[in-house]
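**Q** Need coordinates for the following:
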Amino acid sequence: MTDRGSDGATAITVSPAGGARTARPAGAPPHGLGDSLPPAEAEAKARGTFPYTADLWAEGLLWAAVLRSPHPHATIRRIDTTDAAAMPGVRAVVTHEDVGGEAGLGRQITDRPPFASELVRYHGEPVAAVAADHPETARLAAAAIVVEYEEREPVTDPEKSFEAPALHPDGNVIRHIPLRYGDPAATGEVVVEGLYRIGRQDPAPIGVESGLAVPRPDGGVEIYTATTDPHTDRDRIAACLGLTTEQVKIYVTGVPGSLGDREDLGFQLPLALLAIRTGSPVKLSATREESFLGHAHRHPTLLRYWHHADRTGKIVKVEAQLLMDAGAYADDSAEALAAAVSFAAGPYVVPNAVIDGWAVRTNNPPAGYVRGEGAMQVCAAYEGQMDRLAAQLGMDPAELRARNVLGTGDALPTGQTVTCPAPVAELLAAVREAPLPALPKDGPVEDWLLPGGPEGAGEPGAVRRGVGYALGMVHMLGAEGADEVSTATVKVEGTVATVLCAAVETGQGFATLARQIVQDVLGVEEVHVAPVDTDQPPAGPGGRGRHTWVSGGAVERAAKMVRTQLLQPLAAKFGMSAELLSIADGKITSYDGVLSTTVAEALEGKELWATAQCRPHPTEPLDASGQGDAFVGLAFAALRAVVDVDAELGSVRVVEVSVAQDVGRVLNPRQLRARIEAGVVQGVGAALTEHLRVVRGEVRRPDLAGYPLPTALDAPDVRIVKLIEERDVVAPFGAKAASAVPVVVAPAAVAAAVRAATGRPVNRLPIRPQSAVVGP
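**A** So this is what the prediction gives:
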């Protein structure tokens, strides 16, 4: 079965395991699950009229600016705000002395203070904030604050963090996981060793952080911002300011891009504090530099591997040492480390494993949640090991992978049995069988088709083509005992339905999915999703397919409860059970055809509503040996990358990436295609260009000129060759996370292709030109 957009985009091929979908009349508008319903806000975004936080305004608005540390590690001897406070137009200056309460709430280890007090622990840490009547006045006032620093030697090498003086009262080691599985003493006939380094990728949202805080008459505050986890933020802000949670309300505005956590406590708290202090609305919009300095990045990771195998290529044991640089604060590092250690052997059958993982503090910028955290770093390493092992055995790299793939019923090195569908062998076969792109023909070649582009293109004769394969996996939802629950309310009045759920639409498509669910269950066309605020019950943070699973599940359950309210009176009239009535194409019919009416007629004059929760089955923390059923579900993908490499210059062009992915069920074909393509491009960025440079703890060039994102010319052709719809029976709708898996696997596939083209080891991401040069 295929879906092709009206623009003639690449077709999606769906495995027959998904079954047939009900055909809709030709020309009918998209409706319900399985159709490509467009986002409700698509036209407004295309026209530039969709409101984001940066567009908000309020009467009597003040502007905020934050003073950040220029040093990665220093003692604060004195903070003098006198000159700043005396400047005309300045209404308030706040520091750590204005913050009370405790910030240790929420899903993360919260060891990061809103403002530095005695110590600054990273370059860009907030020290003070100012509110003034003009944004330039606020910036000048922040610059006028006098801070006397005594610089300290920064700890920037995570390997030296173990022996360095404590950077935090909790020590330098955030977490150590010593995983032991099978026989630790087992050895193979063939052993390959590799050392890998993964760089500091930034989420780099297209829209930088922005927020507006408005004081309340009860002494509280309302905050308008693009957070992805409003209830946790509300609880932390209330705790820091000594307020009740009822005194803090967060309204979620349009989210201008989110590949990780957005506006955090260090951004929202100064806003709230300044609004309360001045009694006026206060707005803060970050510059691009402040955005790079303020939010969390992907964990830079050092990985040492030893793969043991027999002469036929079967893996005997995997040994690994993983060291994640958490930066100055813990944030999501313990969770990222659990994913890295658990998936360190990849989607392969590994009977024995000895894996040690550490997350440590340094004076580098803080690392946190970025899509595919933990899994992406280890994927690049274990796939590099598979290429090394294939070379050592003289075997085709794809064939080696095929001999070791994981399947349903196999066990992870954590001891957890894979109970969900795991069609890894089928995914690999699909990308192996896909036709390769044509080689450039003899004759003139357009500059942009050569590695390096128009400004850096070399000679066509120096270009070598490489093909590389990679397999990878991610977990869905939270892990290790996290309470994953979401609540939703569905209301129907007349023929209009409204969904209330605090799941934030970050671009992942939840708002569209919620509309499709209600259309499917209730047969109504007009469905609205209410804006998110903290007066609604919590739905938890986004990421890892969470809102598709738990929030979508809550919407479905609430819609089904409303459906029962609608159908029961009709069924009672005819002396039958409501289960004998069906809703399709806006009509309600009985099994025997006796009852037939429209949904609109049945809803006339009625107002129905229901609230429901969805909570997946529980998980458990990893034990002292790294064992435990830590994950709710898993998703897999196989990618094949084709690259052209200039062997003299080391420049790389990704020609094509073929994707075969385990999706469970396709809920919105066009939206799914967009998510996969976007994930591949983000992964290509991690492979080739994206690395936030930090030298002795100082961020260099924190702007989009110094941090090159992939452009349209860098994006490869993405061919989705197969989507396997083998539903996970424990998941609502049977769907799986879609966006993170290509992000995780694409960098490894690109690196494998560059290895194939050059014969070089390629053990560092992003790939530097000198790593791809062939010859002396």
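**Q** Against which helices or strands is the helix or strand containing residue 401 packed?
**A** Following DSSP states H and E, one finds residue 401 within helix 397-402. Helices and strands touching helix 397-402, by 3 or more CB pairs under 8 Å, 6 or more residues apart in numbering; DSSP states H and E, are helix 375-393, helix 424-433, strand 463-479. The way it works is simple: take the backbone N, C-alpha and C, and place the C-beta from them, glycine included.
**Q** Provide the partner residues of residue 319 in its beta bridges.
**A** residue 306, residue 354 (DSSP bridges).
**Q** Assess the claim that it and residue 354 are in contact.
**A** Yes. With contact defined as CB atoms under 8 Å, residue 319 reaches residue 354; the gap is 4.7 Å.
**Q** before we move on, the earlier item: is it possible to export the helices and strands packed on helix 397-402 to CSV including mean neighbour count?
**A** Formatted as CSV, the helices and strands packed on helix 397-402 follow (neighbours: other CB atoms under 10 Å):
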stretch, mean neighbour count
helix 375-393, 25
helix 424-433, 21
strand 463-479, 25
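**Q** worst average pLDDT in those?
**A** Lowest mean pLDDT of the helices and strands packed on helix 397-402: strand 463-479, a mean of 93.
**Q** CA atoms only: put it into PDB for me.
**A** Taking Å, rounded to 0.1, in the frame of the first residue of the first chain, the C-alpha atoms of strand 463-479 are listed here in PDB:
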ATOM      1  CA  VAL A 463      35.200  12.100  -5.900                       C
ATOM      2  CA  ARG A 464      34.700   8.600  -4.500                       C
ATOM      3  CA  ARG A 465      31.300   7.100  -3.700                       C
ATOM      4  CA  GLY A 466      30.600   5.100  -0.600                       C
ATOM      5  CA  VAL A 467      27.600   3.100   0.600                       C
ATOM      6  CA  GLY A 468      27.000   2.500   4.400                       C
ATOM      7  CA  TYR A 469      24.500   0.700   6.500                       C
ATOM      8  CA  ALA A 470      23.300   1.300  10.100                       C
ATOM      9  CA  LEU A 471      20.700  -0.200  12.400                       C
ATOM     10  CA  GLY A 472      19.500   1.500  15.500                       C
ATOM     11  CA  MET A 473      16.800   1.600  18.200                       C
ATOM     12  CA  VAL A 474      15.200   4.000  20.700                       C
ATOM     13  CA  HIS A 475      13.000   3.500  23.700                       C
ATOM     14  CA  MET A 476       9.500   5.100  23.900                       C
ATOM     15  CA  LEU A 477       8.200   7.100  26.800                       C
ATOM     16  CA  GLY A 478      10.100   7.500  30.000                       C
ATOM     17  CA  ALA A 479      12.100   4.700  31.600                       C
END
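**Q** Direction included, what does it pair against?
**A** The strands beside strand 463-479 in its sheet (DSSP bridges) come out as strand 631-646 (antiparallel).
**Q** on that earlier part again, distance from the helix holding residue 401 to the middle of the chain?
**A** Distance, stretch centre to chain centre, for helix 397-402: 29 Å (CA atoms, centre = their mean, to the nearest Å).
**Q** Tell me which residues are up against it.
**A** Here helix 397-402 makes contact (CB atoms under 8 Å, 6 or more residues apart in numbering) with 313, 348, 386-387, 389-390, 393, 425, 428-429, 432, 468-469, 471, 752, 756.
**Q** ok, now which ones touch residue 48?
**A** Residue 48 sits next to no residue when contact means CB under 8 Å, 6+ apart.
**Q** Kindly state the pLDDT recorded for it?
**A** In this prediction residue 48 is given a pLDDT of 88.
**Q** and it, backbone torsions?
**A** Here is the backbone geometry of residue 48 (degrees, to the nearest 10): phi 80, psi 20.
**Q** how close does it sit to residue 511?
**A** According to CB to CB, to the nearest Å, residue 48 and residue 511 sit 19 Å apart.
**Q** all helices of the stretch 51-200 of the chain, in order?
**A** Remark: helices assigned in the stretch 51-200 of the chain by DSSP state H, counting those that start in this stretch are 82-86, 135-144.
**Q** Now do the same for the nearest residue to residue 51 once chain neighbours are set aside: its pLDDT.
**A** Distances taken as CB to CB, 6 or more residues apart in numbering place residue 254 nearest to residue 51, at 5.9 Å, with adjacent residues excluded. Model confidence at residue 254, given as pLDDT, is 87.
**Q** ok, residue 254 - how many residues close by?
**A** 19 (other CB atoms under 10 Å).
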